[in-house]
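A.B. asks: Mind folding the following:
(chains A and B, ligands or ions: 5)
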There are 2 protein chains.
Amino acid sequence: MTTAPMTTAPITTAPMSAARLTTPPRTLRLNQADNVLIAVDSLPAGTALAEGLVALRHVQKGHKIAAAPIGSGEAIRKFGQIIGFAGVDIAAGDWVHEHNVRMQEFARDYAFASEAKPESGLLPGEAPATFEGFRRADGRVGTRNYIGILSSVNCSATVAEFIADAVTRSGMLDAYPNIDGVVAFTHGTGCGMGAKGEEFDILARTQWGYASHPNFAAVLLVGLGCEVFQIGRLKKEYGIVEGPHFQSLTIQETGGTRKSIEAGVAKIREMLPAANAVHRETVPASELVLALQCGGSDGYSGLTANPALGAAVDLLVRHGGTAILSETPEIFGAEHLLTRRAESEAVGRKIVDLIDWWTDYAARSGGELNNNPSPGNKAGGLTTILEKSLGAVAKGGTSTLRGVYRYAERIDRHGFVYMDTPGYDPVAATGQVAGGANVLCFTTGRGSAYGCKPTPSIKLATNSDLFARMEEDMDINCGDVLDGVSIEEKGREIFQMVLDIASGRRSKSELLGYGRNEFVPWQIGAVM
Amino acid sequence: MTTAPMTTAPITTAPMSAARLTTPPRTLRLNQADNVLIAVDSLPAGTALAEGLVALRHVQKGHKIAAAPIGSGEAIRKFGQIIGFAGVDIAAGDWVHEHNVRMQEFARDYAFASEAKPESGLLPGEAPATFEGFRRADGRVGTRNYIGILSSVNCSATVAEFIADAVTRSGMLDAYPNIDGVVAFTHGTGCGMGAKGEEFDILARTQWGYASHPNFAAVLLVGLGCEVFQIGRLKKEYGIVEGPHFQSLTIQETGGTRKSIEAGVAKIREMLPAANAVHRETVPASELVLALQCGGSDGYSGLTANPALGAAVDLLVRHGGTAILSETPEIFGAEHLLTRRAESEAVGRKIVDLIDWWTDYAARSGGELNNNPSPGNKAGGLTTILEKSLGAVAKGGTSTLRGVYRYAERIDRHGFVYMDTPGYDPVAATGQVAGGANVLCFTTGRGSAYGCKPTPSIKLATNSDLFARMEEDMDINCGDVLDGVSIEEKGREIFQMVLDIASGRRSKSELLGYGRNEFVPWQIGAVM
Ligand SMILES: [Ca+2]
Ligand SMILES: [Ca+2]
Ligand SMILES: [Ca+2]
Ligand SMILES: [Ca+2]
Ligand SMILES: [Ca+2]
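C.D. replies: Ligands and ions are numbered 1, 2, ... in the order given. From the prediction side, this is the model:
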C-alpha cells in the first residue's frame, strides 16, 4: 500500500492525543512517499518532532515541514503526489512554503487507466449494507418523498411558490403523512437566453432531472407561456407524457396569476393520494447515488474531511453504490489523478477535454481558472494550486473512475463517476441532484450554510473549532482526525450516517429547513 | 409636427369604432411620413380602405399595406422611420412583408444631438402634477415603505428568507401599520465569480442601490462569511456606516443558521419603530423615477401600449420627472433614434458604445444579438429587426436623452435617460430599481406575470383580448387605442395611474403579492 493514494494511507499522528499536553507538538504524515509532514500544532524552532526531526524554524499550524533533505529541483511530495519543486536545497526540519518551493510545468503523465482496478466487492465476512428507501416505478430508489413544483422561467417563480405555500398552509397535507412536503424550486433564468445549444440543453436536463428524480413522488411544472424555455418543447425532446407523476400548466393559457394558483393547487390535490401511498423498504446500498461537495474550504479540508469522505466513498463503491465527484475548476491541476484511475483511456480523455473546455471558457469570459491558493489559503499553509486541487480530489476516494458526465446528465453507471460542474456550491449540487443523487455529503472548513431538497445533505466539518461554533449546522466533526481518529474510522462513521440519513433520519440542514433557495441551475451563456 | 416621432403623431383609425360593424375593416396610420398603414382588422382582397386605398390582396391583422406606390429600392417607412427597403416595385394597396422587403446596410445617421431640444416645461395654465410620497433623509422620495433583507450570496438566501418569514409570522408588524412589509431579496450569485472588474461591480451597485433605495425604510444585509462578495468590502467601497437604516451580519461570525435568524429578527425588531415613523406628504411629480419595461411583446406592442407609455413619459418629463429606458438588446438597430435625441454628442456616443459592447459580448458568449423577428413576430406582421426595435423604443417618448447609465448605477439626472441592461425582464428591472426607480411601467402583449418589490409595477396590456383574459394581472388596457382612443389620451391615463400608484394605491401585481422572486441581479460573467 506504499504507493496508494492518501485516502487509504494510514494517518499517523505522533504522539497520540491522550498525551497531548505533555508531549511535543503534533505532525501528520499523509502518505509514506511524502517528503513533508503537516504541522498539526504550531511548531516552535528547535522543537523535537516525530520521525527524529527537529524544527529548524517556527512552522505555523497547517504548514509543511521537510521530513528529509530535499535537493534544489527535487519534487515536493504530499498526498504521495508532486505538489511542486524545491527552489533551493531544503534541510530536514525546515519550513516548506512559497519561499522555497516553485511550480514548473512538468509532464503530468495522464497514464490513462494505469491505476484502474476491478472493484474488490465486499470483504470476506462483510455484510452487505442496506438502507430503507422508496422503490419507484422506474426501479430507482428515493430517500425522500416530496412533491416538487418547478418553474420553467423566473416569470413563473412567484406562482410556483404561491402554489406550494397555498397547499402547505391549507392543512391538506395533514392527511398524507408519507409526503415530506410540497416545495417550489425557482430560479432566475429560462428566458433572455439562447434557444438552442448547450445553454438550453443544460436547463432542460436540469429540469427533467429534477422532475424525474426518485425523491419526488410527483412534480408540477409551471410556465409563463412566452418564455424561451418552452414546456412543450421539453416534453417533446424527453418524450414526456403527462400523468399522475408529472403535470404542467402555463399562466398565460390558464388566464393569469390567481387562476393559475387555483389550477396548480387543484393539480397537487389530485396528486396527493398516490404520492402518499408509498412505504420504505430495505434496499441494498448499491441504490445510493452520493453527491460529493466541498465549499468554504480551509487548510484542513484536504487533511481531514475530504480524505475521510474519500474513505466513505471507497466503502460505498465496495457495496456497489455510486459517488459523483464534480466542481471542475476546483480539480484543476489534479486531473492526472483521475485519468490514471479512469477505467479506460476514453473515459480518462473526457476529463482532459473538460479541463481544456474550462480553460477556453474562462478565457472567453474574460476570467481565468483562478484556483491559485488565495492569500487566506497561503496563510493556512497551502503553497500551490496542485496542493489545493489534490485536497479537493481526496473526497473522491481511490476507486476506479467509471464515467464522466455532462452537467445534470442522468448518472447511469455504478461506482465512482465524475460530473462536470462549476465549483460554486449550489450550482454544482443542482447538477448532481439533477443527475440522480439521492444523498449528498458536503465538507466545509469555514462553515457553509448549504442545504438541499429533495436530496438530504450531510455537512462534514473539517475542524473541531468550526464544529463547536456551528454545531446546529454540522452533522459530523472530522476535526478529530487531527486528534488521532483514523481516516478509515471516520470514513465508516460517514458511511453509516449516509445510510441513516438515506433511511429517513433528518440531517441538520433538513431540520433547519434548507433547500428551497439552493436550486440554482448553471447559467452557462450570456443573459440577453 | 409632421416629422415628429410616432408617439406624438395623431393615430387615426378609419372609420371610428362606433360604426365598426357596418364599415370596412380599419387601418392605422402611425406617422404622416409613413408609406405603409397597419391593418387593424383582417383586410380581404378588394376591400375599400381609408385614404382611398383598395387592398390588392388579403392582408392579415397587424400586417402592413402600402399607402402609396413604393419603387424598388425605396425606403419603407413606419413610425416615420426607415424599417427596410422595397425589394421590388410595390403598388399602393399591396401587402408589405418579407416577400417584398429587404434589409440592407444603410448609413443610419447618428446625427448626434440633432433633435435635442430644451424641455418645454408645463404648458400655459397646466397645473404641476404631484403625488403623496415619503421624503427620506437624503432628499429622495419613496413611494413605498418596506424593510428589506438582502443576501450577499446564495448561501445566505435561506437565512434571509427565514428572518423575513419569522418577523412576518410573529405578528410584531401589527403595531407598525406604516411599514409595507419585511421582504427578503435572494439571488443565485455572490460566489463562484470574479472578485474584481465589472462582474463584481455590477453586484455591488445592485446591492447598494437596493440597500439605499428610498422605498426602504431600512435594510439588513445577510452574508455567509467566506463568499467572494464580501460585505466588508462593499461597506468600504461605498463608505457605508452601519446605523438605523443599514445593518449587516454574517452566518459564520454569528455561529450558524439558528443564531443568525435570531440575530436578524432582533435587528429588524430594533428597526421597526423608526421605520414606522414616516408619513406621506405632497411632493412634485419631478420626484418620480419611472422604469420602462416591456416583455412578452406582440405585434401590438409597438402600436398601442409602447407609444401610449411614450406619451406618458413625455408628460412626466414635462413635469420635471425622470424616465429610464433600458433593454439594450431590444433596441438593437434603433440606436440612431436615441443618438439624435441625445443632449450632446458625448451622451449619444455612449449609446453607440453600448451597442458595440453588446455586439462583442454576444459574439464572445457564442450567441448573437438575435433580436430578429421570431417566427411568431413575423406571423404577427413584424418584417424586420428595425421595425421591432422601433416599437420597443416607442415607450421612451420623444424627450431629449439626458444621460446614459451603467447597469444599476444611481440615476442622478432628471428627464429621459437610458440605462444599459439585458432585455430579460427581471434582470433589466432589477438594474432600474437599483438605479433608484420608484415606480415602474411594464407593457406586455402575451401577458407577463412580472411584479416588483420595493417598487410598484404597473402592467399595460397591448391588446384587449389579453386584458380580458388576464384582467386580474393587468392595470391598464391599451388595446382600446385600436378602437379609437388616442395615444395622447392613453398617455394621460397612464400618467394619472403612475401618480396614483406612487401615492399608495396598490397595483394589480402588488395585490397578487409579486416581488420576492423578481430580484435577479445581472450575472455578466462565467460561473466558476
Ligand atoms: Ca432558486
Ligand atoms: Ca465548491
Ligand atoms: Ca425564493
Ligand atoms: Ca430572487
Ligand atoms: Ca424585456
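A.B. asks: low-scoring stretches of chain A, by residue?
C.D. replies: For chain A, the stretches flagged by pLDDT under 70 are A:1-23, A:105-108, A:370-372.
A.B. asks: contacting residues around residue A:145?
C.D. replies: Taking C-beta atoms under 8 Å, 6 or more residues apart in numbering or on different chains as the contact definition, residue A:145 lies against A:134, A:178-180, A:215-217, A:275, A:278. To be clear about C-beta, it is placed using only N, CA and C from the backbone, and glycine gets the same treatment.
A.B. asks: Repeat that for residue A:127.
C.D. replies: Residues counted as contacts of residue A:127 (C-beta under 8 Å, 6+ apart): none.
A.B. asks: I'd like the distance between it and residue A:502.
C.D. replies: The gap separating residue A:127 from residue A:502 is 17 Å, by C-beta to C-beta, to the nearest Å.
A.B. asks: And residue A:425, by the same measure?
C.D. replies: Using C-beta to C-beta, residue A:425 is found at 21 Å from residue A:502.
A.B. asks: Next: residue A:122.
C.D. replies: 19 Å.
A.B. asks: More neighbours: these two, which one.
C.D. replies: Legend: neighbour count by other C-beta atoms under 10 Å in any protein chain shown for residue A:122 and residue A:502, higher for residue A:502 (29 against 13).
A.B. asks: Do I have it right that that one meets residue A:289?
C.D. replies: No: Residue A:502 lies out of contact with residue A:289 (C-beta atoms under 8 Å); the separation is 10.0 Å.
A.B. asks: Find residues that contact each of the two.
C.D. replies: Common contacts of residue A:502 and residue A:289, defined by C-beta under 8 Å, 6+ apart, comprise A:438-439.
A.B. asks: Can you spell out the domain ranges of chain A, please?
C.D. replies: According to automatic domain parsing, chain A comprises the domains A:6-102, A:146-276, A:283-512.
A.B. asks: quick one, which of those domains is nearest to residue B:29?
C.D. replies: Closest to residue B:29 of the domains of chain A, according to C-beta to C-beta: domain A:146-276, at 28.6 Å.
A.B. asks: Does that closest one reach ligand 4?
C.D. replies: No: applying C-beta under 5 Å from the ion, one finds domain A:146-276 separated from ligand 4 by no less than 6.1 Å.
A.B. asks: hmm, that domain in reach of chain B?
C.D. replies: Yes: residues of domain A:146-276 contacting chain B under C-beta under 8 Å from any C-beta of the partner chain: A:154-159, A:161-162, A:186-188, A:191-194, A:197, A:199, A:224-226, A:251-252, A:255-259.
A.B. asks: which of these are buried?
C.D. replies: A:154-159, A:161-162, A:186-188, A:191-194, A:199, A:224-226, A:251-252, A:255-259 (16 or more other C-beta atoms under 10 Å in any protein chain shown).
A.B. asks: Up against ligand 2, what does chain A have?
C.D. replies: Proximity of chain A to ligand 2, by C-beta under 5 Å from the ion, involves residues A:295, A:327, A:423, A:425.
A.B. asks: By neighbour count, which of those wins?
C.D. replies: Tallying neighbours with other C-beta under 10 Å puts residue A:327 at the head of the residues of chain A next to ligand 2, with 31 neighbours.
A.B. asks: what sits against it?
C.D. replies: Residue A:327 neighbours (C-beta under 8 Å, 6+ apart): A:293-294, A:392, A:421-423, A:428.
A.B. asks: could those be laid out in CSV, adding distance to ligand 4?
C.D. replies: Formatted as CSV, the contacts of residue A:327 follow (distance: C-beta to the ion, whole Å):
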residue, distance to ligand 4
A:293, 22
A:294, 25
A:392, 29
A:421, 21
A:422, 19
A:423, 22
A:428, 19
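A.B. asks: wait, what's in contact with residue A:449?
C.D. replies: Residue A:449 sits next to A:473, A:514, B:155-156, B:158-159, B:224, B:251, B:256-257 when contact means C-beta under 8 Å, 6+ apart.
A.B. asks: Output the longest strand belonging to chain A.
C.D. replies: strand A:216-223 (DSSP state E).
A.B. asks: count of residues packed around residue A:33?
C.D. replies: With other C-beta under 10 Å as criterion, residue A:33 counts 15.
A.B. asks: Distance check, the nearest residue to it once chain neighbours are set aside against ligand 5.
C.D. replies: With C-beta to C-beta, 6 or more residues apart in numbering or on different chains as the criterion, residue A:33 has its nearest non-adjacent residue at 4.4 Å, and that residue is residue A:80. Counting by C-beta to the ion, to the nearest Å, the gap from residue A:80 to ligand 5 is 55 Å.
A.B. asks: And residue A:254, by the same measure?
C.D. replies: As defined by C-beta to the ion, residue A:254 lies at a distance of 22 Å from ligand 5.
A.B. asks: Make sure that residue is actually in contact with residue A:260.
C.D. replies: Yes: between residue A:254 and residue A:260 there is a contact at 4.4 Å, judged by C-beta under 8 Å.
A.B. asks: between those two, which one's more packed in?
C.D. replies: residue A:260 (28 against 21).
A.B. asks: Tell me the secondary structure of that one, please.
C.D. replies: With DSSP: H, G, I helix; E, B strand; the rest coil as the basis, residue A:260 sits in helix.
A.B. asks: which ones are touching it?
C.D. replies: Residues in contact with residue A:260 (C-beta under 8 Å, 6+ apart) are A:159, A:163, A:222, A:249-251, A:254.
A.B. asks: Okay, and the closest residue to ligand 4 within chain A sits in which element?
C.D. replies: Across chain A, no residue is closer to ligand 4 than residue A:188, which sits at 6.1 Å (C-beta to the ion). Under the criterion DSSP states H and E, no helix or strand holds residue A:188.
A.B. asks: Please report the distance of it from ligand 5.
C.D. replies: Distance, residue A:188 to ligand 5, by C-beta to the ion: 14 Å.
A.B. asks: Leaving out chain neighbours, which residue sits closest to that residue?
C.D. replies: residue B:520 is the one closest to residue A:188 (C-beta to C-beta, 6+ apart), at 4.1 Å.
A.B. asks: who touches the one you found in this structure?
C.D. replies: A:154, A:188, B:187, B:424, B:426-427, B:430.
A.B. asks: now residue A:193
C.D. replies: Residue A:193 makes contacts with A:199-200, A:203, A:228-229, A:523, A:525, A:527-528, B:424, as judged by C-beta under 8 Å, 6+ apart.
A.B. asks: Just the buried residues of those residues.
C.D. replies: Buried subset of the contacts of residue A:193 (neighbour count, 16+ other C-beta under 10 Å): A:199-200, A:203, A:228-229, A:523, A:525, A:527-528, B:424.
A.B. asks: residues near the closest residue to residue A:493 other than its chain neighbours, how many?
C.D. replies: Once flanking residues are discounted, residue A:493 sits nearest to residue A:476: 6.5 Å by C-beta to C-beta, 6+ apart. If you count neighbours by other C-beta under 10 Å, residue A:476 ends up with 23.
A.B. asks: Residue A:54 too?
C.D. replies: When neighbours are defined as other C-beta under 10 Å, residue A:54 has 14 of them.
A.B. asks: Contact partners for it?
C.D. replies: Contacts of residue A:54 (C-beta under 8 Å, 6+ apart): A:46-48, A:93.
A.B. asks: Pick the one among the residues you listed closest to residue B:148.
C.D. replies: Nearest to residue B:148 among the contacts of residue A:54 is residue A:47, at 53.2 Å by C-beta to C-beta.
A.B. asks: For that closest one, the count of nearby residues, please.
C.D. replies: When neighbours are counted by other C-beta under 10 Å, residue A:47 registers 20.
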